[in-house]
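Asks: give me the fold of what follows.
(one chain, ligands or ions: 2)
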Amino acid sequence: MGNYRADLLKDHANYDYFYLELFASTTWEWRELRNIRLSSYVYPVSDEAIISGCVVYFLLSNYDILRFDISRQISSSRQRFLHIELMGTVVDSANKEESKSVLSEKKPKVVFVLGGPGSGKGTQCANIVEHFGYTHLSAGDLLRAEIKSGSKNGTMIQNMISEGIIVPSEVTIKLLEKAIMENENDKFLIDGFPRNEENRAAFESVTGIIPEFVLFFDCSEEEMEKRLLGRNQGRVDDNIETIRKRFKVFVDSSLAVIEYYNSKGKVKKIDAGKPVGEVFEAVKAAFAPAK
Ligand SMILES: Nc1ncnc2c1ncn2[C@@H]1O[C@H](COP(=O)(O)OP(=O)(O)O)[C@@H](O)[C@H]1O
Ligand SMILES: O=c1ccn([C@@H]2O[C@H](COP(=O)(O)OP(=O)(O)O)[C@@H](O)[C@H]2O)c(=O)[nH]1
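Replies: Ligands and ions are numbered 1, 2, ... in the order given. Down below sits the predicted model:
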């Protein structure tokens, strides 16, 4: 338990609680593990569980491995604790090196377009493409296309999008790199990414790309909720329950990215609660060369 607290919780104020059932074949009993506390940054990728003797390993969404040793349950008079350790991170290092050299040769110009779900990122990106010659890469669209393509990560991505959870950085970054490499343009709008600090740090270190600036669409939850419920694109996550989860993820994880770039003087904040045309006037001003 000591390791679990020390390693997983030291940096994070926010966590989610999970419930796990294990079948002990020796005693022929189901064991219920309640209140497994994980940082909100991560999510167990359940179909990746590995069992060896009394130890269960779970791959987490950030490629950390969580180790449950069910033979080492610690009891106190009030509560039962399970011995849980964080085992380190799965890193695809060979691939990282390869992609870094390829993308750093291309040296594309990148603008991140961030804002809550329904703040109008996609809508304004379409306008920016027309007026300023950028190529629009929506991280969410790339992930949805990956599900449709029948990729091995499809089920995991589908589950995470349905829950409004952030997909592991490695998956999203690979899709973004591929899209950048396959396009001749050298100016890209990356819409809806990075969604947390881990996304941001991984993207910068893997690709070597630092954004020119960050466009931040600031909009009230009330307005975003209204827009998402009216979006009508048949998305699995545009229902009120998932919308609320996405708002929470945005506040808990994504705002930190905007704060980081703000501290570097890179954020251009747009009042996105106005009508589309008015928002675009502000967007145009953000893209105009500084005088
Ligand atoms: N300024 C705006 N005022 C009213 N509705 C908008 C505005 N911008 C976008 N919308 C609508 O709101 C919904 C969400 O917009 P979208 O661009 O898809 O947001 P995001 O990409 O940030 O999730 C869409 O149906 C879109 O037509
Ligand atoms: O970099 C990204 C972009 C999107 N998503 C997932 O895709 C969903 C939809 O994101 P998108 O940007 O398409 O829509 P928005 O929430 O901004 O309306 C999110 O809730 C996440 O589950 C993700 O994990 N990483």
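Asks: excluding covalently adjacent residues, which one is nearest to I258?
Replies: Excluding the flanking residues, the one nearest I258 by C-beta to C-beta, 6 or more residues apart in numbering is F216, at 5.3 Å. Where C-beta positions appear, they are placed from N, C-alpha and C, glycine not excepted.
Asks: ok, then the element right after the helix or strand harbouring the one you found?
Replies: Secondary structure from DSSP states H and E places F216 in strand 213-218. Note on strand 213-218: by DSSP H and E, the next helix or strand toward the C-terminus is helix 221-229.
Asks: and that following helix, what does it pack onto?
Replies: Contact partners of helix 221-229 among helices and strands, from 3 or more C-beta pairs under 8 Å, 6 or more residues apart in numbering; DSSP states H and E: helix 240-249.
Asks: list the beta-bridge partners for the residue nearest to I258.
Replies: Counting by DSSP bridges, F216 is bridged to L114, K269.
Asks: tell me which parts of the stretch 51-200 of the chain are close to ligand 2?
Replies: With C-beta under 6 Å from any ligand atom as the criterion, the stretch 51-200 of the chain meets ligand 2 at residues 117-118, 121, 138-140, 143, 160-161, 164-167, 172, 192-193, 195.
Asks: filter those residues to the buried ones?
Replies: Neighbour-count burial within these applies to 117-118, 121, 138-140, 143, 160-161, 164-167, 172, 192-193, 195; the criterion is 16 or more other C-beta atoms under 10 Å.
Asks: which ones among those residues map onto strands?
Replies: Members of these lying in strands (criterion: DSSP state E): S138.
Asks: ligand 1 next: which of the buried ones among the residues of the stretch 51-200 of the chain next to ligand 2 are close?
Replies: With C-beta under 6 Å from any ligand atom as the criterion, these include 117-118, 121 near ligand 1.
Asks: all helices of the stretch 151-291 of the chain, in order?
Replies: Remark: helices assigned in the stretch 151-291 of the chain by DSSP state H, counting those that start in this stretch are 154-163, 169-182, 197-207, 221-229, 240-249, 255-263, 276-287.
Asks: dump those helices into JSON lines; add mean pLDDT as well.
Replies: Below are the helices of the stretch 151-291 of the chain laid out as JSON lines (pLDDT from 0 to 100):
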{"stretch": "helix 154-163", "mean pLDDT": "86"}
{"stretch": "helix 169-182", "mean pLDDT": "92"}
{"stretch": "helix 197-207", "mean pLDDT": "91"}
{"stretch": "helix 221-229", "mean pLDDT": "98"}
{"stretch": "helix 240-249", "mean pLDDT": "94"}
{"stretch": "helix 255-263", "mean pLDDT": "97"}
{"stretch": "helix 276-287", "mean pLDDT": "98"}
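Asks: nearest to D69, out of these?
Replies: Of all the helices of the stretch 151-291 of the chain, helix 154-163 sits nearest to D69, with 25.4 Å by C-beta to C-beta.
Asks: and that closest one, what's buried?
Replies: Here helix 154-163 shows 156-161 as buried, counting by 16+ other C-beta under 10 Å.
Asks: check stretch 186-206 too.
Replies: Buried-residue list, stretch 186-206, by 16+ other C-beta under 10 Å: 187-200, 202-203, 206.
Asks: how about stretch 280-291?
Replies: The neighbour-count check on stretch 280-291 (16+ other C-beta under 10 Å) flags 280, 282-283 as buried.
Asks: possible to save those residues as JSON lines with distance to F58?
Replies: Converted to JSON lines, those look like this (distance: C-beta to C-beta, whole Å):
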{"residue": "F280", "distance to F58": "45"}
{"residue": "A282", "distance to F58": "45"}
{"residue": "V283", "distance to F58": "43"}
